[in-house]
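Colleague: Predicted model, plus sequence, below.
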Amino acid sequence: MILSKLIYKIGEHYRNPSIKPWFTFLKQSESWTLKDLQDYQLNQLKLILERAYSESIFYKSLFDKNKIHPSQIKS
């Protein structure tokens with residue numbers, strides 16, 4: 001058992017060092033309230049839409065054509 005944990009830690013370090021922060025985040029988010037989860041999802045959606053608007057000609061024109069700006073998204 002101890003050997004398998006050691007092998008896992010070594011593999012985590014060398015193959016995928018970014019897994020630990022994500023795992024920690026996921027463990028914390030398990031206990032979020034529904035409101036916390038919805039707030040997080042809305043914030044992430046806003047970030048994606050802002051990025052699409054600012055970095056993609058296609059999405060910027062689509063938003064502009066429909067007279068929507070990402071900052072107007074409330075829910």
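Modeller: Yep, that arrived. Numbering: from 1, shown residues only.
Colleague: Any idea how far the helix ranked longest in the chain is from the middle of the chain?
Modeller: With secondary structure taken from DSSP state H, the chain has its longest helix at helix 34-55. Its chain's average C-alpha position is 8 Å from that of helix 34-55, according to Cα atoms, centre = their mean, to the nearest Å.
Colleague: what's the answer for stretch 25-32, then?
Modeller: 13 Å.
Colleague: Contacts for that stretch, please.
Modeller: For stretch 25-32, contacts defined as Cβ atoms under 8 Å, 6 or more residues apart in numbering pick out Leu37, Tyr40. Quick note: C-beta positions are derived from backbone N, CA and C, even for glycine.
Colleague: related to what we said a few turns ago, what's the longest helix of the chain in contact with?
Modeller: By Cβ under 8 Å, 6+ apart, helix 34-55 touches Ser29, Trp32, Tyr59, Lys60, Phe63, His69, Pro70, Ser71, Ile73, Ser75.
Colleague: So which of the residues you listed belong to helices?
Modeller: Ser29, Tyr59, Lys60, Phe63.
Colleague: thinking again about what came up before, and the buried ones among the contacts of helix 34-55, selectable in PyMOL?
Modeller: In PyMOL, this line selects whichever of the contacts of helix 34-55 come out buried by 16 or more other Cβ atoms under 10 Å:
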select buried, resi 63+70
